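[1] next input, structure requested:
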Amino acid sequence: MIGLVVPVAFRTEPPERTPTPVRTTVQLGQLVSAPQVSLADVSWRDFHGIVLPYSAQDGPREVEGELARGFARTPPGALLAAVHITVRASMQWGPEVFEPTIDQQVIGPDAEALLAATRETYERHRGDRPDGAALGRGYVVLEGFRWQGYSPVAASVDLVSAGPGDSDVTVRAATRIQLHWHNNDWRVVAPPGGTWAGAAAPVESPDGYVRFPGGGG
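    I've put the predicted structure just below:
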């Protein structure tokens, strides 16, 4: 079994480093530190084993094949974009999903490095599967989130995910996702160096984070 998804994607051990701030053009001091987010209208749907949130008001408003676009310029819209884009950017679903997701919905100076690293990781785990094949289901639960900051042009949020680690021990990680409003939609800013390792840190539990209501279980 390949380890955690979203987006400490498919590690066999928890990340060891603390989150590293992503380079952005907006200082977090300009952002609202803890915006109020209502997820009352959110429904949850399966995406290859991972249960993802959908909102008629905040997005995604366009789901075409495996891709999801169209998020509201609101705190819930930014949160939903962070979840959907980072999940779909994982190598687990194969290049037909992660390549257009990263190419169209991830920005920043390290976006090309992220795409190259994801391709390399996919090839390393593909084994004897046909080129382009998905690597199987995801075994991860999205447990909660915590804002680092929000404005109508930029956002930063930590996502907590849990999944099976070595010896079937549950492993949790909080991964910092930063976003920018670009071309009328939220885009994820690629992590430094094109790897999520520096943006993720292990956590013991989701205590202290806002729990996702009714989802992920």
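[2] and the residue with the largest distance to the centre of the chain, backbone torsions?
    Within the chain, the residue lying farthest from the chain centre (C-alpha atoms, centre = their mean) is residue 128, at 27.5 Å. Here is the backbone geometry of residue 128 (degrees, to the nearest 10): phi -100, psi 10.
[3] distance-wise, check the residue nearest in space to the middle of the chain relative to residue 186.
    Using C-alpha atoms, centre = their mean, the residue of the chain that lies closest to the mean C-alpha position is residue 86, 2.8 Å off. Using C-beta to C-beta, to the nearest Å, residue 86 is found at 12 Å from residue 186. Every C-beta, even on glycine, is put in place using the N, C-alpha and C of the backbone.
[4] then residue 36?
    From residue 36 to residue 186 the distance is 18 Å (C-beta to C-beta).
[5] more crowded one of these two?
    Neighbour totals were compared for residue 36 and residue 186, and residue 186 leads with 26 against 8 (other C-beta atoms under 10 Å).
[6] could you find the closest non-adjacent residue to the more buried one?
    residue 81 (3.6 Å; C-beta to C-beta, 6 or more residues apart in numbering).
[7] that neighbour - that's part of a helix, no?
    Yes. Membership of residue 81 in a helix is supported by DSSP: H, G, I helix; E, B strand; the rest coil.
[8] quick thing: my sequence starts at 41, can you match it?
    Okay, residue one is now 41; in that scheme the one you just asked about reads as residue 121.
[9] quick one: residues contacting it.
    99-100, 111, 219, 225-228 (C-beta atoms under 8 Å, 6 or more residues apart in numbering).
[10] neighbouring strands - and their directions - for the biggest strand by length in the chain?
    Ordering each strand of the chain by length in residues (DSSP state E) puts strand 210-222 first. When pairing is defined by DSSP bridges, strand 210-222 lines up against strand 194-204 (antiparallel), strand 225-229 (antiparallel), strand 240-242 (antiparallel).
[11] who wins for proximity to residue 151 among the ones you listed?
    Residue 151 sits nearest to strand 225-229 of all these, at 8.3 Å, using C-beta to C-beta.
[12] who's residue 87 bridged to?
    residue 90.
[13] quick one: it from residue 172, how far?
    18 Å.
[14] who's more crowded, those two?
    Counting neighbours by other C-beta under 10 Å for residue 87 and for residue 172 shows that residue 87 has the greater number, 20 against 11.
[15] does the more buried one touch residue 130 like I think?
    No. Using C-beta atoms under 8 Å, residue 87 is not in contact with residue 130, being 10.5 Å away.
[16] can you classify residue 81 by secondary structure?
    coil.
[17] coming back round to it: from residue 111, how far off is the residue nearest to residue 226?
    Distance from residue 121 to residue 111, by C-beta to C-beta: 4 Å.
[18] again, but for residue 99
    4 Å.
[19] what touches both of those two?
    117, 120-121, 124.
[20] check the residues you listed and tell me the two furthest apart.
    117 and 124 (10.6 Å).
[21] chain neighbours aside, what residue packs nearest to residue 145?
    Closest to residue 145 by C-beta to C-beta, 6+ apart is residue 125, at 4.9 Å.
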